[in-house]
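*Asks:* what's the 3D shape of this:
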Amino acid sequence: MSERWIPFDVADADENPFRQFVKWFDEGGREMREREAIALTTVSLDGRPSTRMVLLRHFDDTSFGWFTNYESRKGRALLENPVGALLWYCEPLGRQIRIEGAVAPMTAAASDEYFASRPRGHQLGAWASQQSRPLESRAAFDARLGEVEEEFAGRDIPRPPYWGGFLLTPDLFEFWQHRQNRLHDRAIYNRDGDGWSRGRWAP
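*Replies:* Okay, the predicted model is just below:
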């Protein structure tokens, strides 16, 4: 009996991991409700890891990006210890992609452009929320949101100075394909000078 999942050999992988990402990302888009959802792991200066879901809002042939409050737990961790790991998971196709590398804030212009494109409610929320800080009650937050709505009534909402994007520049990719009996296919890319080396890891 043939298995459900398509075998994936290193020889089948594109020489460029960014192109391989786009291929799987596009194929996953036909199967997933929220293909932009990715897990982001950060590590504090004292070595404590933390993982949460974010939305992938940028990728090109050099980097991957998302947006957040720079004063949030993840924002502070990334500014103090600028490395991170991303995980994209596509359950219907039995695939995951791990991406690791250095992280840096986006330019102010890039953050401004994305913030301006967000729904107004999202913009107001960015001003109202002291993300990852203790909150007295939901009522207190709703009251703060009302104050922000009044403050910006009838005018465009600028980007808060503490809110913006991050870019991760990869030095490692892993493309993982589920196989029967836990005998998965794992193609690894490591940064090698200006290019990439490819190899296979045991399941």
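
*Asks:* got a list of contacts for the worst-scoring helix or strand of the chain on mean pLDDT?
*Replies:* Least confident helix or strand of the chain, by mean pLDDT, DSSP states H and E, is helix 138-151 with a mean of 92. For helix 138-151, the external contacting residues (C-beta atoms under 8 Å, 6 or more residues apart in numbering) are Leu124, Gly125, Trp127, Ala128, Ser129, Leu135. Glycine gets a C-beta too; all of them are placed from N, C-alpha and C.

*Asks:* now the residues you listed: which count as buried?
*Replies:* Neighbour counting by 16 or more other C-beta atoms under 10 Å classes Leu124, Trp127, Ala128, Ser129 among the contacts of helix 138-151 as buried.

*Asks:* export the residues you listed as TSV, with columns for secondary structure and pLDDT.
*Replies:* Shown next, in TSV, are those (DSSP: H, G, I helix; E, B strand; the rest coil; pLDDT from 0 to 100):
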residue	secondary structure	pLDDT
Leu124	helix	95
Trp127	helix	95
Ala128	helix	92
Ser129	coil	89
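
*Asks:* counting by contacts, list what whichever helix or strand Phe18 is part of packs against.
*Replies:* Assessed by DSSP states H and E, Phe18 sits inside helix 17-29. If you count contacts as 3 or more C-beta pairs under 8 Å, 6 or more residues apart in numbering; DSSP states H and E, helix 17-29 packs onto strand 58-59, strand 83-90, strand 95-105, strand 163-177, strand 185-192.

*Asks:* for the second one, packing partners?
*Replies:* Read that as strand 83-90. helix 17-29, strand 37-43, strand 95-105, strand 163-177.

*Asks:* CSV for the ones you listed, including distance to Glu149 and mean pLDDT?
*Replies:* Putting the helices and strands packed on strand 83-90 into CSV (distance: least, C-beta to C-beta, whole Å; pLDDT from 0 to 100) gives the following:
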stretch, distance to Glu149, mean pLDDT
helix 17-29, 35, 96
strand 37-43, 28, 98
strand 95-105, 28, 98
strand 163-177, 17, 98
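
*Asks:* turn those into TSV, columns for distance to Arg52 and mean neighbour count.
*Replies:* Below are the helices and strands packed on strand 83-90 laid out as TSV (distance: least, C-beta to C-beta, whole Å; neighbours: other C-beta atoms under 10 Å):
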stretch	distance to Arg52	mean neighbour count
helix 17-29	20	17
strand 37-43	6	18
strand 95-105	14	19
strand 163-177	13	20
